[in-house]
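Engineer: how would this look folded up:
(chains A and B)
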Amino acid sequence: IFSATRGRKATEFQETKKTCLNYIQDALLQHQWQRAAEFMTNYLETLENTSAEKRMAAPEVIWRIGTEILCHHSKSSIEEFNYFAERMKNLGVKTYLKVCLEHVFHLLCNGLIDDAYQNLSLAEGWRYGEQTTAQDKELKLIQAYKGLLDYYNWAKKRKAVLELDGNFANSVEQEMHSFFRQAAVNLKEIIKIPGVWDPFVKCYVDLLEFYEDYEEVRQVLSEYAYNSKFPPNPNAHVYYYQFLKRQGESKKTLMSVLKILHEIVPSHELMLEYNAMLQKSKKRKNHRLGLEIIFTLLDFAGWKEYVKAWSCLAKQIKQILENKHLDWVTEEWNSRKDWWPAFHFSHYLAKRNWQENESLACEKALVAGILLGKGNFKSSSLLCDTLVLVPLKLSFQKYYEEAAS
Amino acid sequence: MEEEDTRDYSEPCVQCSVVNWGLTDEGRFYCKTCHNVIERTKEVLTSDVVPNTKIQSISRGFRKRKKIDKGWEWYVCEGFQYILKKQAEALQTLGVCPQMKDEILCNFWRCYLQKSKQAYCTTPVSYTSKALSISDVSTDVDSEPERISIHGLSSFSESDGDLQTENSFGYVSSIGKASARETASVCSGSVDGGSYLLKRKKGNLRMSMPMTLSFCYIALLWLREPVTLSDLLRFVIDGHIPYLNAFQYFPEEMKLYGVDLKIFRVESWPVYEDVHNKMFELATFLDLPRFPAITDSCFLHPNILCIKYLMEANLPDELHNWTCRVVKKINVGETDFLTLDPMNKSARKVKYDVLAAAIIIVVLKLLFLLDDQYEWLHANFAGKRNQKNKEGCLWFDFKKWYKTIKKSVDVEQKKLDEERARCLWKCEKPLFYSAKEKSVVFKKRQMVVNLQRQFGALSGSMQVAEKQSPSSFQLNWAEENTDVNCFHGHILEGVLQEKGNSLTAMNTKYWLCTVKLCNEKICGQLTHYKESDFPQSYQFVLNLFSFLLRVPASLIHEEVCLIEHKLFKTKLHRK
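Structural biologist: Residues are numbered from 1 along each chain as shown, chains lettered A, B, ... in the order given. A predicted model of the protein is given here:
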């Protein structure tokens, strides 16, 4: 009888340990922490398994189960967790950094920032021959989180500096600067690696801006947003945009950044801002683009009840019609005329909107009137004006009914 | 320790041509046979006296057998002797008569040593002379705290013609003197650990951990003690008899490492069939005569064992008449059949417990058919009748019995499964293969102990459950617990009818478990049990006894098939 492990039959020791593990897993799923702990005492023997393969795999499993139990057990405490983490660190070189990192997370979640910082400092300096390269990822993460906590300390010092004055302020300021240096090094390193590093980026930018190294910020943020090696991340564009705005960049630059954001996330909340900029511009193509933006925005369910969006749309359509560009409206409406009525202008929605949000109802009615109106759009613009002047419930309902038929 | 120092020197003595060296007080070699002193002196080995294990240098090369810790030299059979001693003591605590340990097991063991040429034979010795204690005549092997003192033999062995009394102060021969040097590269605490597993001398029977139980069992069988093999194995698994980590009982100086682990470390529980087969091999190897007869007043006789199992299975006492009838019909109650005779190769090796269980199952099949229909129909009938007549004898109701048993056994099975999962396999004395491994292993053990303490504190209070004292009966029905139904007194009405002077079953049908038995040599077994081929009731009954006996259901099934083939022999042959 062969088992999966290299053709040797599993011993009863190994089988009972497997069963033990099943019991533990069941207990964990049912939140029976005491029972899980009980079987854990027996399962721990698997660390001394005769099969080298199983022995190697044991520390990770034990770590997972142990942390789960210790996080939830009523009699457990942070001291218990620390004790366990220290034991596990000594247990195997291969899991050392991973255990360190997760230990740090646990400490952070419990608000023990200083302890976490200490652990990170210790772990940061860990070297173990071949293992250092094997656990490179964990090491980088540890350095990154250390950078984050250095930033946190820097921020604390910064606050302190503002409150103190004189000699005290000087020494605190020195500390502040040293934290900055430590943080900057690590944060810069991690951001180089393709990935999603939002919190790290934000902190780094904050640091750099304080020391007025705007060039570096520009470099970092544009890399973060535009380097194709990095995974697509709307936040990166937002950060870049916000920075450029702070720097007082031209509208043209700002709009180009937001354009890319529009391509990634057409429903982004900044789209309204973008639209506003486009409307202010003198160029006709921008106005055209603006119409597209606002229509696309309302394609998304999240914006359905947003009054401002509707009012923008209404205003823009009116303006466009006045400027005799009804073909723009037709173009946009063509792809939407099949589904927008059911999506936005149903009888049920009309009633609900009127009950819950009058201004929303009004704006929508305006738009509906134009888009759904019989005949061509020309006359609709007149209709808009009249509708604005006669906001009566009955007429609205009647209007919807007529329009729908 | 002189024989260690002189072991490597194997030049024959000039005067008498014997290789039997000793050391004088000045450290010079002398021939122990003719007392000729030669020029050779003992080399000064500096590493001997250092107690600090870390300094055991590995750089000395493999010329000499390495000792990881200063300890005795010991042979594998010595280790087994310690284990057997402990096992016998445990059995004594459980109530087995002291004769078993002091006379029977002891003598069987000595006989084994002699037969396998590890002791009590005429080949020259490379054993320390300390081992000979000529004065000590007690038969108890266990009186010494030091090495084996090999004593005068008891009456049992004297009847054995091979032995010459002048050599009764046994010498332990090295198992091929050269082997000690050949296997010097194989690291082991024992002297012959490496060669023990390699040598495969024809006809020689090697000791192993399961074999220790075979030894115990033949001793028990010889004395006809009321312990079946399944009982014995159950006691072992429940921890009442040393087996797992039995090497803990070795004295401090007997260091266990390297290849010894393969011999003494236990990673699986003993298997019934394995121990049973080895027992027979052992009996043959020891050239034992016919065992004391198993008569119908013996515990192991199927008639008696059936009573026990009927009680445990909560079945009516009346069924006993039927089991006796079946026993008589197929002649399994005959003394000749039941008694173990190693000389008779063709005799079947009787599994007393499995046989008794199978007989009960066959009786149930005879009376209740167990085809998933007949027994339930009868049960409905019996149930209704019992409801009407609450006074008087209750009819045995299969359905009610099934529910009662299932409930209890499910609970017990669940407990058993959890117990198995909770079993701690490692002990305080960790095992390691080599010096390199030792520190890692010790460190790991310490780690595990620490973590066990931590999580143990977080466990429920049931951690501290005392080990229950073992009992022969696992399930008790007739006692305190009155809300649990006891079926012992129920009568077998509705399934029996009068026919002339005797009762027969109303049910005239019977289904055979198998029409044809397989060829053991080809298939390895006589039958193959596939659950889905059989009615649920049959599976249930089979599983019940499988649980009680802690053996696989297929083993009992095989026995059932064999009984049926004997019972319906004529009908089968007609076909």
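Engineer: Up against chain B, what does chain A have?
Structural biologist: Proximity of chain A to chain B (CB under 8 Å from any CB of the partner chain) is limited to residues A:11-14, A:16, A:19-20, A:23, A:33-35, A:37-42, A:44-45, A:47-48, A:50, A:62, A:66, A:69, A:73, A:75-76, A:80, A:83-84, A:87, A:90-91. Just so you know, the C-beta spots here come from the backbone N, C-alpha and C atoms, and that holds for glycine as well.
Engineer: In ChimeraX, how would I select the buried members of those residues?
Structural biologist: Applying 16 or more other CB atoms under 10 Å in any protein chain shown to the residues of chain A next to chain B leaves a buried subset, and the ChimeraX line that selects it is:
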select /A:11,12,13,14,16,19,20,23,33,34,35,37,38,39,40,41,42,44,45,47,48,62,66,69,73,76,80,84,87,91
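Engineer: Next step: the residues of chain A next to chain B restricted to helices.
Structural biologist: A:12-14, A:16, A:19-20, A:23, A:33-35, A:37-42, A:62, A:66, A:69, A:80, A:83-84, A:87, A:90-91 (DSSP state H).
Engineer: residues in contact with B:Asn331?
Structural biologist: With contact taken as CB atoms under 8 Å, 6 or more residues apart in numbering or on different chains, B:Asn331 is in contact with B:Phe337, B:Lys566.
Engineer: so what's residue 161 scoring on pLDDT?
Structural biologist: Because you didn't say which chain, this covers chain A. We have a pLDDT of 85 for A:Val161.
Engineer: switch to chain B, that's the one I care about
Structural biologist: 31.
Engineer: same question, A:Gln182
Structural biologist: On pLDDT, A:Gln182 comes in at 92.
Engineer: cool, and B:Glu103?
Structural biologist: 85.
Engineer: before we move on, what about the one 4 residues further on?
Structural biologist: Predicted confidence (pLDDT) at B:Asn107: the value is 87.
Engineer: what helix or strand is it on?
Structural biologist: helix B:106-115 (DSSP states H and E).
Engineer: list the helices and strands that helix packs on?
Structural biologist: If contacts are counted by 3 or more CB pairs under 8 Å, 6 or more residues apart in numbering or on different chains; DSSP states H and E, helix B:106-115 sits against helix B:76-93, helix B:155-158, helix B:209-222, helix B:272-285.
Engineer: how much does that helix deviate in direction from helix B:272-285?
Structural biologist: Inter-element angle recorded for helix B:106-115 and helix B:272-285: 70 degrees (by axes from the mean of the first three to the mean of the last three CA atoms, to 10 degrees).
Engineer: one step back: put together JSON lines for the helices and strands packed on helix B:106-115, with distance to chain A, mean neighbour count and mean pLDDT on each row.
Structural biologist: Below are those laid out as JSON lines (distance: least, CB to the nearest CB, whole Å; neighbours: other CB atoms under 10 Å in any protein chain shown; pLDDT from 0 to 100):
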{"stretch": "helix B:76-93", "distance to chain A": "19", "mean neighbour count": "21", "mean pLDDT": "90"}
{"stretch": "helix B:155-158", "distance to chain A": "36", "mean neighbour count": "13", "mean pLDDT": "30"}
{"stretch": "helix B:209-222", "distance to chain A": "13", "mean neighbour count": "23", "mean pLDDT": "93"}
{"stretch": "helix B:272-285", "distance to chain A": "13", "mean neighbour count": "18", "mean pLDDT": "92"}
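Engineer: thought A:Arg336 was touching A:Thr296?
Structural biologist: No. If you go by CB atoms under 8 Å, A:Arg336 and A:Thr296 don't touch, sitting 9.8 Å apart.
Engineer: For the spatially most central residue of chain B, give me its contacts.
Structural biologist: Chain B has B:Leu213 as the residue nearest its centroid, 2.3 Å off, counting by CA atoms, centre = their mean. Applying CB under 8 Å, 6+ apart to B:Leu213 gives the contacts B:Gln87, B:Leu232, B:Leu233, B:Val236, B:Tyr243, B:Pro270, B:Val275.
Engineer: Quick check on the nearest residue to A:Lys89 once chain neighbours are set aside: phi, psi?
Structural biologist: Spatial nearest neighbour of A:Lys89, excluding adjacent residues (CB to CB, 6 or more residues apart in numbering or on different chains): A:Val99 at 5.2 Å. Main-chain torsions, A:Val99, degrees, to the nearest 10: phi -60, psi -40.
Engineer: Now the closest residue in space to A:His237 that isn't next to it in sequence: which helix or strand?
Structural biologist: With sequence-adjacent residues excluded and distances taken as CB to CB, 6+ apart, A:His237 is closest to A:Leu261, at 4.3 Å. Using DSSP H and E, A:Leu261 sits within helix A:251-264.
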